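1. quick one, fold the following:
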Amino acid sequence: MDKLRIDKWLWAARFYKTRSLAALEVDKGRIHINGQEAKPAREVKPGDSVALRQGPVTRMVVVRGISSQRGAAPVAQRLYEETAESQQARQQAADQRRLTPEPALSISQGRPTKRERRELDDASKGWDERWSASLTPGKGR
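-> All right, here's what the predicted structure looks like:
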């Protein structure tokens with residue numbers, strides 16, 4: 001066997017958990033073979049370069065082997081070789097994610113508690129709106 005469908009190869013090389021996910025990513029245009037956008041039935045052979053976008057990072061790999069069966073991870077890693085530029089870009093992206101602060105930490109305060117809401121409501125009302133010292137019935141109750 002010297003050629004294999006790209007969706008099946010991506011699945012066997014453990015880039016995607018299922019073959020249908022691999023085919024879906026190919027359909028979305030996230031996979032390029034030798035610089036050209038691929039279709040799920042496009043065949044790859046050893047020596048082809050495959051660019052695949054996973055999240056914010058584009059990985060460039062060279063096909064080293066063909067397997068139609070999904071095996072163990074060490075076996076799957078022998079099916080491809082990642083380029084040095086791709087490894088460096090992945091490392092830079094990981095460093096940037098690690099150094100970037102958590103977005104949720106930038107929120108100084110969230111929703112007010114029930115007590116804080118009451119205090120805000122009381123502070124927004126004037127003394128006359130809360131209490132009435134008049135003898136007029138119905139006012140201030």
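
2. hmm, which helix or strand of the protein has the shakiest average pLDDT?
-> helix 127-130 (a mean of 57; mean pLDDT, DSSP states H and E).

3. what's the separation between the nearest residue to Asp48 once chain neighbours are set aside and Lys3?
-> Counting by C-beta to C-beta, 6 or more residues apart in numbering, Asp48 lies nearest to Val63, which is 4.7 Å off, once chain neighbours are set aside. To be clear about C-beta, it is placed using only N, CA and C from the backbone, and glycine gets the same treatment. Distance from Val63 to Lys3, counting by C-beta to C-beta, to the nearest Å: 10 Å.

4. shared neighbours, the two?
-> When contacts are counted by C-beta atoms under 8 Å, 6 or more residues apart in numbering, the set common to Val63 and Lys3 consists of Val44, Lys45.

5. could you give the mean pLDDT of the longest helix out of those in the chain?
-> With secondary structure taken from DSSP state H, the chain has its longest helix at helix 84-99. Across helix 84-99, pLDDT averages out at 91.

6. which elements pack onto it?
-> For helix 84-99, the elements it packs on are strand 57-63, judged by 3 or more C-beta pairs under 8 Å, 6 or more residues apart in numbering; DSSP states H and E.

7. so who does the residue nearest the centre of the chain touch?
-> For the chain, the residue sitting closest to the mean C-alpha position, by C-alpha atoms, centre = their mean, is Gly55 at 4.9 Å. Residues near Gly55 by C-beta under 8 Å, 6+ apart: none.

8. returning to that earlier point: okay, Val63 and Lys3: which has more neighbours?
-> Between Val63 and Lys3, counted using other C-beta atoms under 10 Å, Val63 has the larger neighbour count: 20 against 12.

9. can you list the residue ranges for strands in this structure?
-> Along the chain, counting by DSSP state E, strands occupy 4-5, 31-33, 36-37, 43-44, 49-54, 57-63, 80-82.
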